[in-house]
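>>> need a structure here:
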Amino acid sequence: MIEVLPDIQFKKELRRVSKAPLNECIQCGTCSVVCSLAPDEKPFPRKEMIWAGWGMKEKLIANPDVWLCYQCGDCSTYCPRGVKPSEVLAGVRQIAYRQYARPGFLGEIMSHPKWLPVALLIPVVIISVILKIAGTLSIPEGPVNYSKFFPHAWLNVSFTLLTFFSYGLAYSGLKKFWKDIKMQFPDFQMKKSFFHSFRESLITIFSHSRFGKCSSQKSRKVSHFLVFYGFVLLLFVTAYAIVATITHHYPLGFLNPFKIAGNVAGLMLIAGLGIMIFNRLFNRKNFGSSNYSDWLLLVSLFLLTVSGLVIEMARFLNWGSAYHLYFLHLVCVWFVIIYLPYTKFGHLIYRTLAMMISTSIGRN
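Numbers count the residues shown, from 1 in each chain. Prediction:
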């Protein structure tokens, strides 16, 4: 006999986050039948809906199948009771970010709108302190030159250290996540090596092959493709810019190939994010409702991209407000990059780990 100990608070939180009527699930199995991504053995999301209805938090939080779901919406589209299984799994993932956040308070402040002022205040204060220590906490005179406001050495070193510090704190949570997932399989035995599993997972991620298997939200593949590759391209350009500052070949001219690549990446991001935002606002029937974590990620990425293009224009046109816009851009960088493990953007890490385990045991 299996003893079930429901976590009522977890169930209430999951209902709040997902906006799904969990008690109306009749366990018909339609969701698993229509899902083209679910493995043949113990397919999702039917079993997850059972666990959600019973408030079985530990079974859900440490379940790799939750991360194999791409929230394409096929299961929600065909659900005869409108229980929204895809949004239930998305809600579980959102709770997981808080569960594994280290330190825990960062997971909390990034999950609730009431803590947004605190989330904003942290980068504002720390960036201001760095500028004060660097002796540049003032608006420079003359033509716009961001290095006079935030010297490149201070910028590169401080933001790099802060990013590694943030990810270092989050590492213990990721280790717990990895351990909990493996505990779901008592007879866990890797059929493929770590590097083989990692390589296969990366191929799946970069090819976006699983997005193409979904039928209800076909535009998600296009929008996600644009955002993903736009962001990757922007990371490469940023890495080159850091090297250019060290070798004194910065700022880049408007026709510099890397500058052009950065602008193309920005346009890709704006296009992809625009599609995502439009669908969430005007096509809710197919794309479902959006919660605070969804909007925080979309708005943060959008503001990061737009502010990057604006400060570029401000430098070339010598705007008086350039430095204030630059400060805003740095706060956006903080929200997207340094806060990454504590927001929905963290699915880049969590999903990759879950995919690696699933690949290594032959569950894909």
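>>> distance of residue 38 from residue 333?
37 Å (CB to CB, to the nearest Å). Where C-beta positions appear, they are placed from N, C-alpha and C, glycine not excepted.
>>> my bad, residue 52
Counting by CB to CB, the gap from residue 52 to residue 333 is 36 Å.
>>> quick one, which of the two is more surrounded?
More crowded of residue 52 and residue 333, by other CB atoms under 10 Å: residue 52, with 27 against 21.
>>> helix/strand/coil for the more buried one?
helix (DSSP: H, G, I helix; E, B strand; the rest coil).
>>> quick one: it and residue 88 touch, right?
Yes - counting by CB atoms under 8 Å, residue 88 is a contact partner of residue 52 at 5.3 Å.
>>> joint contacts of the two?
14, 22 (CB atoms under 8 Å, 6 or more residues apart in numbering).
>>> residue 119 versus the closest residue to residue 339 other than its chain neighbours, what's the distance?
Closest residue to residue 339 apart from its sequence neighbours, by CB to CB, 6 or more residues apart in numbering: residue 110 at 6.0 Å. Between residue 110 and residue 119 the distance is 6 Å, computed by CB to CB.
>>> try residue 290
18 Å.
>>> with residue 138 instead?
26 Å.
>>> for the stretch 251-364 of the chain, give me the ranges with low pLDDT.
285-288, 364 (pLDDT under 70).
>>> between residue 110 and residue 119, what contacts are shared?
With CB under 8 Å, 6+ apart as the test, residue 110 and residue 119 both reach residue 339.
>>> compare the two (neighbour count), which wins?
Neighbours were counted for residue 110 and for residue 119 using other CB under 10 Å; residue 110 has more, 26 against 21.
>>> which parts of the stretch 201-350 of the chain are helices?
Assigned by DSSP state H, counting those that start in this stretch, the stretch 201-350 of the chain shows helices spanning 219-246, 257-282, 284-287, 292-317, 322-333, 347-360.
>>> in CSV: these, plus distance to residue 27.
Below are the helices of the stretch 201-350 of the chain laid out as CSV (distance: least, CB to CB, whole Å):
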stretch, distance to residue 27
helix 219-246, 27
helix 257-282, 29
helix 284-287, 24
helix 292-317, 27
helix 322-333, 44
helix 347-360, 24
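>>> find the nearest non-adjacent residue to residue 200, please.
Closest to residue 200 by CB to CB, 6+ apart is residue 359, at 5.0 Å.
>>> cool, and residue 214?
Using CB to CB, 6+ apart and skipping the chain neighbours, the partner closest in space to residue 214 is residue 72 (3.0 Å).
>>> element containing the one you found, please.
Residue 72 belongs to no helix or strand when assigned by DSSP states H and E.
>>> do you know how far it is from residue 213?
8 Å.
>>> identify the contacts common to these two.
Common neighbours of residue 72 and residue 213, using CB under 8 Å, 6+ apart, are residue 37.
>>> higher neighbour count, the two?
Taking neighbours as other CB under 10 Å, residue 72 and residue 213 compare with residue 72 leading, 25 against 13.
>>> run through the stretch 101-250 of the chain and note the low-pLDDT ranges.
Where the stretch 101-250 of the chain drops to pLDDT under 70, the residues are 185-190, 215-218.
>>> my read: residue 167 touches residue 341, true?
Yes - taking CB under 8 Å as the definition, residue 167 is a contact partner of residue 341 at 6.3 Å.
>>> tell me which of the two has more neighbours.
A direct count of neighbours by other CB under 10 Å for residue 167 and residue 341 places residue 341 higher, at 25 against 15.
>>> which non-adjacent residue is nearest the more buried one?
residue 170 is the one closest to residue 341 (CB to CB, 6+ apart), at 3.6 Å.
>>> who touches the one you found in this structure?
100-102, 341-342.
>>> switch to 10 Å and redo it
97, 100-103, 106-107, 177, 340-342, 346, 349 (CB atoms under 10 Å, 6 or more residues apart in numbering).
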